[in-house]
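Chemist: Kindly generate the corresponding structure for this input.
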Amino acid sequence: MKCLRRLMLYALVLLLISTLPVVSAPREDLADLRELVELNQQLDELVMEFLTLLRSEVGPQLDQVSSDLLVGALEVVELQQELHGLKLLYINLILDELEASGQGAAPDVDDLVSMSELIEMNVQLDDLLREYMVSLQREAGAALNAEYRNILTDVLEMVDLQQELHHLQEQYVGLLREFTAGEDIQTTAPLSADASSDGTSAAAAYSDWTIHPQPQNLMAYRGEHGAVYAFEVVGDPEGTVWGTDIYTDDSTLGAAVIHAGLVREGEQAVVFVTVLPGQDQYEGTTRHGITTHSYGHWHGSYRVSLSPDGPRPLNGDNDAVLEDEAAVPAVDDLVSQGATGTAVIGGFDGAEDIARVQHRLADVSFYMRLAPGTTFPTMMDDSRPEVVERNFWIAETEVTYELWYTVLQWARANGYVMLESGMEGALQGQVQEHGPPTERRQHPVTRVNWWSAIVWCNALSEYLGYTPVYSLHGAVVRDSESLMYSGEMPRRNLNADGFRLLTTAEWELAARFQGPQAKPGGIFVGEYYWTPGNYASGADAGMDHPTAWMDVAWGYDNAPDGTRPVAQKRPNALGLYDMSGNVYEWSEAPFVGLQGIRGGSFFAPTFQIGNPGPNAPLQTSLHHIGFRLGRNFRAQE
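Modeler: Next up, the predicted model:
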C-alpha cells in the first residue's frame, strides 16, 4: 500500500501546484498534458491490479450481482487504458507537427477535437466506474474482510483522482483550442447592433441594423452577453462546431448556421447572432449534414437565428424547406395504417389522449406512444434547452423477456446470429439460465449488450414487415457477434420505419414530458410543461422527498432483491412505465465506443431524470441493463 499512497500523494501534489497553461506556449502545455496522461496510465495499472486481485481472491465467493459489477469495472478500466494510450499518440503527433512547422505554430484543430472527445469519454467512464465500485461496496462489503474492504476504498479514491486529472486535461486542451482559434479571430473592435456604417448590404427588412461581414467565429465578441449582431453569412460545411443550438464561441459560424437549419450549403442570408456566456457542457449532434462535437466547460457561446427576436423553432414548418426533410404533421391528423397495429388518435393533452399504437407478434404484443418533437430542458438544474426535431414513437415499457425471446427464436430461425440470449430480469443471489419464458416473462430482458440490442431491433423490424434501421456497408446488420468484433459502428438509416434504440435526447424528452397542463413542479419550456431534472420520471416531488419516487420506480429501497414485472408502477404523463428504475436502458449517445444508459435500475439509490447518466462500453452485458424501443414517426402514419 505504501507504493499506492506515494503515487496518490504525488498526483495530489501535482494537482495542487499545477496552474493553467500559458496559451502562447503550446509545446510546454502539451508536455504538461502528456505528464498528466502518463499519471493516468499509472493509476490505471494500479486499479487493474487491485480489481484483478479481488476477482482471483474473492470472486468465487461473490453472488451474481457482485460478480457482474466486478467484471463490469474491469471492462471499464481496460477501455480507459486504451483511451489513455490514444491520447498519448495524439499528443506526440501534435508535438511532432509543431516541431516540423517551426516557432509560433498552432496545434491542428482537428487533433484537438479528437483529444477533447477522448477526454470526454474518460470522464464518462469515470462516472460509470465510480457507480460500479459504490454498488460493489454496498453489495459485497459485508462479505469481505477488512483488507479487501480497504482495497475497494483505495480504488474509489483512485477513481476520484482520475476524474480530477481528466478535468485538468480538459482545461489544458480548452486553452490550446483557444490559442489555435485565436489565429483566425478578426481583431476589429465589435460593433453595436444598431450602429451605422457605410457599405452594408442589408435588406429593407433590416434597415435598422448594421449588417456586418461574416466572421470566422465569435471569439472577438466574448463577454458582450446578450448583445445581438447581424451578419451576412454563407452556409459553409467546412470548419468545426461544438454544441447544439448554443455553440462555443470558437465554432465556425458558416457551419453552425447549416447545423441550426437556417441555410443550406452555399446559400446566403442575414443571420442574427446572440452572444451568450460560457456553458458547463455542450452536446454534439448531427443535423442537416453537419456533425458537431461535445465539449465540457467553455468560456463563451453564441446562438443563431433568422430573426433578431430569437431562435426560430426547428421542429415545425421551417424544417420542410430542407432537402430530405419532411414537415411533421399535426398530431391530431395522425392516422396509423400499419399492418401490425392500430392507433388511438389524440393530441398531447394527457396520457389517455396521446396517440397509442399496438404491435402484435403471435401471442405477444406491445404498445408505443407518440412523443412530440420540440424544445425541452435538460441537466439537473434544467438550465440547458435541447431540441428533438421530429415526433417519434416510444414503447410504453422496457422490452420484456417474453417479447425478446419470441423475436430471438424467429431471428435465429431466419439467419440471424445473436451473440447473447438474454435473461428474465435479475434475481439477487441466483444464477439464472436462459430458456423459454417462465412466470417471470414480464420482467425486462437483461444481460443484453448494445450490439445485440440493435441487431434484435433489426430482427423485430423484419418480423413485422418494416425497414430495418441499422446497416453496415449497405447491408442490413444481422450478426451481433461479427458486428461487435468488427470494430465498426453501424449506420443508422434516418428514413427507415423500423425499430431502434432511442437517442439520449429522445429518452430525456419522454421522461420529462408533462403536456400543456402543469403537473407538480412543472417547468414551461417551448410548447409544454416539463418535469424538473431532480425528479424521477412521473413523480410528484424531487429526489429530496424520501418516498415520492416510490410511486413510479423500482429501486434499491423497494426492490433490493431484483427486477419487477414491467408496468407495475404509475406511468408518467406520456403513458410510459419504469422510465425511472427497474433496469437501465440502452440509448444512443454521441460517443465512439460508448453509449448512454438512462433511467437508473433496481439497485440504484437515485433516479434524477436530468442526470445524464453514465455511458457504458458497448460490450457491457449486465443484470441491471435492458432497453426500450423507439421508432421514427412517418408522415403517412
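Chemist: in the stretch 1-150 of the chain, which ranges drop under the pLDDT threshold?
Modeler: Per-residue confidence for the stretch 1-150 of the chain (pLDDT under 70) gives these ranges: 1-25, 102-105, 110.
Chemist: which residues in the stretch 1-150 of the chain form helices?
Modeler: Secondary structure of the stretch 1-150 of the chain, counting by DSSP state H, counting those that start in this stretch: helices at 2-17, 26-58, 64-101, 109-140, 146-182.
Chemist: Return the most buried member of these.
Modeler: Per residue and on average, the most neighbours among the helices of the stretch 1-150 of the chain fall to helix 109-140, with a mean of 21 (mean count of other Cβ atoms under 10 Å). (Glycine included, C-beta is placed from N, CA and C.)
Chemist: Next, the angle from it to helix 146-182.
Modeler: Between the direction of helix 109-140 and that of helix 146-182, the angle (axes from the mean of the first three to the mean of the last three Cα atoms, to 10 degrees) works out to 160 degrees.
Chemist: residues touching residue 225, list them.
Modeler: Residue 225 is in contact with 275, 276, 277, counting by Cβ atoms under 8 Å, 6 or more residues apart in numbering.
Chemist: which of those count as buried?
Modeler: Neighbour counting over the contacts of residue 225 (16 or more other Cβ atoms under 10 Å) leaves 275, 276 as the buried ones.
Chemist: Return the closest of the contacts of residue 225 with respect to residue 413.
Modeler: Distance to residue 413, by Cβ to Cβ, is smallest for residue 276 among these, at 55.3 Å.
Chemist: Mind checking what secondary structure that closest one has?
Modeler: In three-state terms, and counting by DSSP: H, G, I helix; E, B strand; the rest coil, residue 276 is strand.
Chemist: Then residue 519 would be within a helix, right?
Modeler: No: inclusion of residue 519 in a helix is not indicated when three-state DSSP is applied; the result is coil.
Chemist: Number of residues surrounding it?
Modeler: Counted with other Cβ atoms under 10 Å, the neighbours of residue 519 add up to 17.
Chemist: what about the residue nearest to it when sequence neighbours are not counted, how many neighbours?
Modeler: Sequence neighbours aside, residue 573 is the residue nearest to residue 519 in space, at 6.2 Å (criterion: Cβ to Cβ, 6 or more residues apart in numbering). Burial measure for residue 573: 24 neighbouring residues, criterion other Cβ under 10 Å.
Chemist: Tell me if I'm right that residue 573 and residue 513 touch.
Modeler: Yes: in this structure, residue 573 is within contact of residue 513 by Cβ atoms under 8 Å, at 5.6 Å.
Chemist: quick one on the thing from earlier: quick one: least confident of the contacts of residue 225?
Modeler: By predicted confidence (pLDDT), the lowest-ranked of those is residue 277, with 85.
Chemist: I'd say that one and residue 300 touch.
Modeler: Yes: taking contact to mean Cβ under 8 Å, the distance of 7.1 Å between residue 277 and residue 300 places them in contact.
Chemist: and residue 622, what does it touch?
Modeler: Listed by Cβ under 8 Å, 6+ apart, the contact set of residue 622 reads 68, 69, 72, 446, 447.
Chemist: and it, which of the three is it?
Modeler: With three-state DSSP as the basis, the three-state label of residue 622 is coil.
Chemist: and of the helices of the stretch 1-150 of the chain, who's closest to residue 359?
Modeler: In this view, the helices of the stretch 1-150 of the chain are compared for proximity to residue 359 by Cβ to Cβ, and helix 64-101 is the closest at 31.2 Å.
Chemist: Turn the helices of the stretch 1-150 of the chain into JSON lines, including distance to residue 399.
Modeler: Rendered in JSON lines, the data for the helices of the stretch 1-150 of the chain read as follows (distance: least, Cβ to Cβ, whole Å):
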{"stretch": "helix 2-17", "distance to residue 399": "43"}
{"stretch": "helix 26-58", "distance to residue 399": "30"}
{"stretch": "helix 64-101", "distance to residue 399": "19"}
{"stretch": "helix 109-140", "distance to residue 399": "22"}
{"stretch": "helix 146-182", "distance to residue 399": "31"}
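Chemist: Select, out of the ones you listed, the one closest to residue 487.
Modeler: Per Cβ to Cβ, nearest to residue 487 of these: helix 64-101, 11.7 Å.
Chemist: So which of the helices of the stretch 1-150 of the chain is nearest residue 409?
Modeler: Residue 409 lies closest to helix 64-101 among the helices of the stretch 1-150 of the chain, at 24.9 Å (Cβ to Cβ).
Chemist: just checking, what packs against the closest one?
Modeler: In this structure, helix 64-101 makes packing contacts with helix 26-58, helix 109-140, strand 615-617, judged by 3 or more Cβ pairs under 8 Å, 6 or more residues apart in numbering; DSSP states H and E.
Chemist: Give the rounded mean pLDDT of whichever helix or strand comes after the last one.
Modeler: Following the chain from strand 615-617 toward its C-terminal end, the next helix or strand by DSSP states H and E is strand 625-627. The predicted model assigns strand 625-627 a mean pLDDT of 94.
Chemist: Give the pairing partners of strand 625-627; include direction for each.
Modeler: Strand 625-627 has its sheet partners listed here by DSSP bridges as strand 584-586 (parallel).
Chemist: So which bits of the partner strand are buried?
Modeler: Within strand 584-586, the residues scored as buried using 16+ other Cβ under 10 Å are 584, 585, 586.
Chemist: any idea which of the residues you listed is closest to residue 152?
Modeler: Within these, the smallest distance to residue 152 is 21.8 Å, found for residue 584 (Cβ to Cβ).
Chemist: got the contact list for that closest one?
Modeler: Under the contact definition (Cβ under 8 Å, 6+ apart), the residues listed for residue 584 are 597, 598, 599, 600, 601, 604, 613, 624, 625, 626.
Chemist: The helix or strand hosting residue 370 - contacts with which helices or strands?
Modeler: Using DSSP H and E, the secondary-structure element containing residue 370 is strand 364-371. When contacts are defined as 3+ Cβ pairs under 8 Å, 6+ apart, strand 364-371 sits against strand 356-361, strand 392-395, helix 401-413, helix 504-512, strand 629-632.
Chemist: I'd like those written out as JSON lines, with distance to residue 219 and mean neighbour count added.
Modeler: As requested, the helices and strands packed on strand 364-371 are exported to JSON lines (distance: least, Cβ to Cβ, whole Å; neighbours: other Cβ atoms under 10 Å):
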{"stretch": "strand 356-361", "distance to residue 219": "48", "mean neighbour count": "18"}
{"stretch": "strand 392-395", "distance to residue 219": "36", "mean neighbour count": "24"}
{"stretch": "helix 401-413", "distance to residue 219": "50", "mean neighbour count": "20"}
{"stretch": "helix 504-512", "distance to residue 219": "27", "mean neighbour count": "26"}
{"stretch": "strand 629-632", "distance to residue 219": "38", "mean neighbour count": "24"}
